[in-house]
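Trainee: model this:
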Amino acid sequence: MKKQKKSEIKTLGISLILKLLYSTNKYHVSGKKNIQKIRNSGTSIIISTWHSNLLSVFYELRKLDVHALAGTHNDAELISQVALKWGWKMIRGSSKEDGSKAYKEILKTLSKPSNILFITPDGPTGPAKQPKPGIIRAAQATQAAIIPTSVISTRHWGFTNWDTFYLEKPFGKIFINYSDPIFIDKNINFKNAVLKFNKAMDRSDKINLRNATKN
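Mentor: Numbering: from 1, shown residues only. Below you'll find the predicted structure:
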């Protein structure tokens with residue numbers, strides 16, 4: 001009971017800190033209409049953000065009905081508990097742990113109309129900006145739309161492990177681009193699918209950089 005209470009207090013504390021940090025930033029969001037347009041068509045969506053920038057999108061999407069994939073390590077557990085507190089629906093697992101079970105849950109989620117699934121395709125262990133096979137295969141199997149999503153912030157801390165993980169400082173600007181959706185054809189080979197995916201992620205970064213330099 002004490003352990004559970006301690007965990008609840010820790011989750012509440014992290015939730016309050018994140019809200020304090022991110023609510024004081026000014027958001028410049030482009031392309032969000034792409035999410036609603038796809039949902040209105042009845043197609044499910046994969047919102048794809050590189051692991052280093054997940055927190056900005058995590059906060060920005062908090063009012064939507066979102067599913068998310070998170071690993072099973074301690075840091076992911078903390079974020080998952082906060083996400084649950086914010087109303088997200090969590091799928092736990094990674095390519096190394098409970099991967100098969102998580103993948104089945106992903107397919108189940110994306111097979112339902114208009115669901116949103118948030119994924120960091122290079123997480124939880126990298127290499128940075130190299131997508132795991134799961135996102136490609138899930139998009140092919142379900143024909144869900146992938147919306148490449150880019151984040152740029154003017155004030156942040158960086159914590160380096162296998163990538164540089166960003167935690168935004170207060171009173172900055174956060175630029176988020178939800179780019180045009182892409183679909184991965186079922187018949188395309190994996191190598192070409194990855195090339196298409198990476199080009200789309202790069203394109204979102206370029207659009208977001210242009211937006212940031214204008215403001």
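
Trainee: what's across from L167 in the sheet?
Mentor: In this structure, L167 bridges to W157 when assessed by DSSP bridges.

Trainee: state the number of residues packed around it.
Mentor: If you count neighbours by other CB atoms under 10 Å, L167 ends up with 15. The way it works is simple: take the backbone N, C-alpha and C, and place the C-beta from them, glycine included.

Trainee: so it makes contact with H156?
Mentor: Yes: using CB atoms under 8 Å, L167 is in contact with H156, at 6.3 Å.

Trainee: point to the helix or strand of the chain where mean pLDDT is at its lowest.
Mentor: Of all helical and strand segments in the chain, the minimum by mean pLDDT, DSSP states H and E falls on helix 74-85, at a mean of 84.

Trainee: what is whichever strand or helix holds L107 packed up against?
Mentor: In the assignment (DSSP states H and E), L107 maps to helix 99-110. Packing partners of helix 99-110 (3 or more CB pairs under 8 Å, 6 or more residues apart in numbering; DSSP states H and E): strand 67-70, strand 89-92, strand 116-119, helix 133-142.

Trainee: what comes into contact with it?
Mentor: 44, 46, 67, 69, 91-94, 115, 117, 134, 137-138, 141-142, 144 (CB atoms under 8 Å, 6 or more residues apart in numbering).

Trainee: S56 reaches I176, doesn't it?
Mentor: Yes: contact criterion CB under 8 Å: S56 and I176 qualify, at 6.3 Å.

Trainee: overlap in contacts of those two?
Mentor: Shared contacts of S56 and I176 (CB under 8 Å, 6+ apart): V151.

Trainee: which stretch among the helices and strands packed on helix 99-110 comes nearest K33?
Mentor: Closest approach to K33 among the helices and strands packed on helix 99-110 (CB to CB): strand 116-119, 14.3 Å.

Trainee: neighbours around A141, how many?
Mentor: When counting by other CB under 10 Å, one arrives at 15 neighbours for A141.

Trainee: if we can go back for a sec, the least confident helix or strand of the chain - contacts with which helices or strands?
Mentor: Helix 74-85 sits against helix 2-23, strand 67-70, strand 89-92, with contacts defined as 3+ CB pairs under 8 Å, 6+ apart.

Trainee: most packed of the ones you listed?
Mentor: Of all the helices and strands packed on helix 74-85, strand 67-70 has the most neighbours on average by mean count of other CB atoms under 10 Å, namely a mean of 25.

Trainee: give me the element G42 is part of.
Mentor: Using DSSP H and E, G42 is not contained in any helix or strand.

Trainee: same question for the strand of greatest length in the chain, mean pLDDT?
Mentor: The residue-count maximum for a strand in the chain (DSSP state E) belongs to strand 145-153. The average pLDDT within strand 145-153 is 98.
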